[in-house]
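A.B. asks: give me a 3D structure for the following:
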Amino acid sequence: MDAQVQLRISGLSSYYGVWRRTPISFRVGAVILAIHIVAAATGPFWAPYGLAQMGAGMPLSGMSWAHPFGLDQMGRDVFSRVLHGGHIVIIMALSGTMLGAVLGSIVGLLSGYLGGWFDDVVMRIAEALISIPFLILGMLVISMAGSELAGQPVLVIFVVGFIYLPRFARMARAAALDVITRDFVMVARLRGEDPWSVVRRELLPNATGVLLVEFALRAGTAPVLIASLGFLGFGLRPPTPEWGVLIAENRPLIVVAPETVLGPGFVLASLVIGLNLWTEGLARILGRTARTNDQ
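C.D. replies: Now for the predicted structure:
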């Protein structure tokens, strides 16, 4: 029994040592992200009030211990609505980023491997899309989708993926160009493997580090993009408690009840800061690992 306890203690000590060796930005970002993930997963169960429950108190009565973010003009507790909307923001941000990462990586790796006219066409299209600002491109795609899909989470996820797709494609192409001249790729070509097999078995494993950092970076900006679309009326629709929608709903109250706007804004900012810190630390870890492997 004593030996098992000592073994467990030594295992925990080794994990703690690995954690201590990670960059401080990675650790701080991981803690912030863990708080947001736990709150998003459990928030609806312990939120003080329901999603659309009115009469939680006197409308616009200001901040208090019972209502940290105040109450809106309908007497709804803004803090509870923020908790109910956390999982929506995180799921949409990760789903949209994952969609763009998967499709963009496939297109970029194939483009870098095949080259020729296919590479020229793909990169010219990617550069044209990248030149359009995020919000303008997102609003354009949503407008083209029509009123039937407007305000649907699936449409917002598709828009996020579509916006990020060319950026992932460009990163994946750059990673592919760095690998295709190596011996193991040449051997795969001489064996007569088809392009998809070479991309899947040879290029993708060597591009994973770069694409992982790009994924974390884009996931850090996705909540802001989703909130911006919701704030401008192109994202989800009220009464969905997406944080951009909450800020837009309470924007007319910025003078009389600023906490109803600053509360959701602070939560959104903390999520973005946590993602950016975690991304910065992850990039340093992967860069350090790459340098160690090269040596």
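A.B. asks: nearest residue to the middle of the chain?
C.D. replies: residue 219 (2.0 Å; Cα atoms, centre = their mean).
A.B. asks: helices or strands up against the helix or strand harbouring that one?
C.D. replies: Assigned by DSSP states H and E, residue 219 belongs to helix 204-231. The contact analysis (3 or more Cβ pairs under 8 Å, 6 or more residues apart in numbering; DSSP states H and E) places helix 204-231 against helix 78-114, helix 134-145, helix 153-179, helix 243-250, helix 259-294. Glycine gets a C-beta too; all of them are placed from N, C-alpha and C.
A.B. asks: buried residues in the first one?
C.D. replies: Along helix 78-114, these residues count as buried under the neighbour rule (16 or more other Cβ atoms under 10 Å): 78-90, 92-101, 103-114.
A.B. asks: state the mean pLDDT of it.
C.D. replies: Averaged across helix 78-114, pLDDT comes to 92.
A.B. asks: off-centre distance for whichever helix or strand comes after that helix?
C.D. replies: Sequence-wise, the next helix or strand downstream of helix 78-114 (DSSP H and E) is helix 116-130. Mean C-alpha position of helix 116-130 versus that of the full chain (Cα atoms, centre = their mean, to the nearest Å) differs by 25 Å.
A.B. asks: quick one: helix 116-130 to helix 153-179, angle?
C.D. replies: Counting by axes from the mean of the first three to the mean of the last three Cα atoms, to 10 degrees, helix 116-130 lies at 130 degrees to helix 153-179.
A.B. asks: quick one, what contacts the residue nearest to residue 50 when sequence neighbours are not counted?
C.D. replies: Distances taken as Cβ to Cβ, 6 or more residues apart in numbering put residue 80 closest to residue 50, at 7.1 Å, once the chain neighbours are dropped. Residues in contact with residue 80, defined by Cβ atoms under 8 Å, 6 or more residues apart in numbering, are 47-51, 53, 56.
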